[in-house]
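Engineer: how does the following fold in three dimensions:
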Amino acid sequence: MGHHHSHSHTHAHPDLKGRNLFISILLNIAITIAQVVGGLMSGSLALLSDALHNFSDVISLIISYVADKLSKRKASFQKTFGYKRAEILAAFINAATLIIVAVLLIIEAIERFQNPQEIESNLVIWLSLIAILGNGFSVLLLKKDAESNMNMKSAYLHLLTDMMASVAVFIGGLLMKYYQLFWVDSVLTFAIAVYLIWMGFDLLKDSTKVLMLFTPDATPINKIVDEINTFESIKNVHHVHIWQLNEDEIHLEAHIDFKEDISLSQFDVILHKIEDFLLDNYGINHVNIQPEFGKDDAKDVIVQD
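Structural biologist: Coordinates of the predicted model:
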């Protein structure tokens, strides 16, 4: 059985991820405390909703921080892959909490819209400004890593949506202060919640696909099989599995039926050609091939194990 793996993705400053997450955690703890106190004093549901979202940010950032640390641990006999999937699991949890928080906000917004209350708008305005600045700084800290890491993206989305929510609360505070439109507080809360669901769904879907070992969307199995079938001495490629382990690794496992009873050294030459082809064209960097000759088994591309 031929086996190979290589890592084509590198991170120049992996230590900065943890540091930036830790700074964001401290900022969001401070913002949450300020908003809870301010929301209770002012009577603003939007501000309390924003505080609840900020608290979910703190939880999500802590989860992301722990997952980042776990992902760096080495493999062992009991954990042969190490904790490579910790960040994907964190992304799934964080995306799910985004949607749960959003549903709770919608319920509260509907109840408050039916019974609007007068709100101390000055406190709402100033606290929302503080939240905008704090979350904005956190967003900038995580933006770069969010482009290439699902775990960091989940934390980034929590912060980005919270910053947008704070902008909405700020606008609502101004409308309540100058136009006495207190119902705006509930409408903005509802809008924030819908936005959270929209942002969280894609990430939940993507992380679920990875956890369920689904083939990555950009990896065309039939095309890959057809191209490998054109290699010299290869009769048939079958029993194929392709899955994404984490942000850096895409695995391919397959059985290859050869036209002739070739030697191991000949197989190694062909294997290296397959590995280079898959890495260069599809980013598949972990290849596991089972060579066969005249074996009586199912020759379908996809075989149910």
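Engineer: mind giving me the domain split of this protein?
Structural biologist: Domain assignment for the chain by automatic domain parsing gives 13-211, 221-292.
Engineer: which one of these lies nearest to residue 298?
Structural biologist: Of all the domains of the chain, it is domain 221-292 that lies closest to residue 298, at 6.9 Å by Cβ to Cβ. The way it works is simple: take the backbone N, C-alpha and C, and place the C-beta from them, glycine included.
Engineer: and the end-to-end length of that closest one?
Structural biologist: 20 Å (Cα to Cα, to the nearest Å).
Engineer: same check on stretch 206-219?
Structural biologist: The first and final residues of stretch 206-219 sit 14 Å from each other (Cα to Cα).
Engineer: any regions of the stretch 51-200 of the chain where pLDDT drops low?
Structural biologist: 117-119 (pLDDT under 70).
Engineer: which residues of it fall in helices?
Structural biologist: 86-114, 121-146, 150-179, 184-211 (DSSP state H, counting those that start in this stretch).
Engineer: buried deepest among these, which one?
Structural biologist: Stretch with highest mean neighbour count among the helices of the stretch 51-200 of the chain: helix 150-179 (a mean of 23; mean count of other Cβ atoms under 10 Å).
Engineer: which neighbouring elements make contact with it?
Structural biologist: Contacts defined by 3 or more Cβ pairs under 8 Å, 6 or more residues apart in numbering; DSSP states H and E place helix 150-179 against helix 14-42, helix 45-71, helix 86-114, helix 121-146, helix 184-211.
Engineer: need those helices in TSV with distance to residue 281, can you?
Structural biologist: Below are these laid out as TSV (distance: least, Cβ to Cβ, whole Å):
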stretch	distance to residue 281
helix 14-42	27
helix 45-71	27
helix 86-114	24
helix 121-146	27
helix 184-211	21
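Engineer: can you check which of those helices gets nearest to residue 264?
Structural biologist: Across those, residue 264 has its closest neighbour in helix 184-211 (34.0 Å, Cβ to Cβ).
Engineer: so how far is the helix or strand just after the closest one off the chain centroid?
Structural biologist: Counting by DSSP states H and E, the next helix or strand C-terminal to helix 184-211 is helix 221-228. On the basis of Cα atoms, centre = their mean, to the nearest Å, helix 221-228 sits 28 Å off its chain's mean C-alpha point.
Engineer: what helix or strand is residue 304 on?
Structural biologist: With DSSP H and E as criterion, residue 304 is part of no helix or strand.
Engineer: no no, residue 287
Structural biologist: strand 286-292.
Engineer: show me what the lengthiest strand in the chain pairs with in its sheet, parallel or antiparallel.
Structural biologist: Criterion DSSP state E: the longest strand present in the chain is strand 234-244. Strand 234-244 has the following sheet partners, assigned by DSSP bridges: strand 250-258 (antiparallel).
Engineer: against residue 65, how distant is the nearest residue to residue 267 once chain neighbours are set aside?
Structural biologist: Taking Cβ to Cβ, 6 or more residues apart in numbering, and ignoring the residues beside it in sequence, residue 267 has residue 291 as its nearest neighbour in space, at 5.3 Å. Going from residue 291 to residue 65 by Cβ to Cβ, to the nearest Å gives 44 Å.
Engineer: between those two, which one's more packed in?
Structural biologist: residue 65 (21 against 18; other Cβ atoms under 10 Å).
Engineer: that older thread, adjacent strands (with direction) for the strand holding residue 287?
Structural biologist: strand 2-5 (antiparallel), strand 250-258 (parallel).
Engineer: any idea which of those scores lowest on pLDDT?
Structural biologist: Here the lowest mean pLDDT among the strands paired with strand 286-292 goes to strand 2-5, at a mean of 56.
Engineer: list the buried residues in the strand holding residue 287.
Structural biologist: Neighbour-count burial for strand 286-292 flags 286-287, 289, 291-292 (criterion: 16 or more other Cβ atoms under 10 Å).
Engineer: now swap in stretch 24-37 and tell me
Structural biologist: 24-25, 27-29, 31-32, 34-36.
Engineer: what's the answer for stretch 55-71, then?
Structural biologist: 55-68, 70-71.
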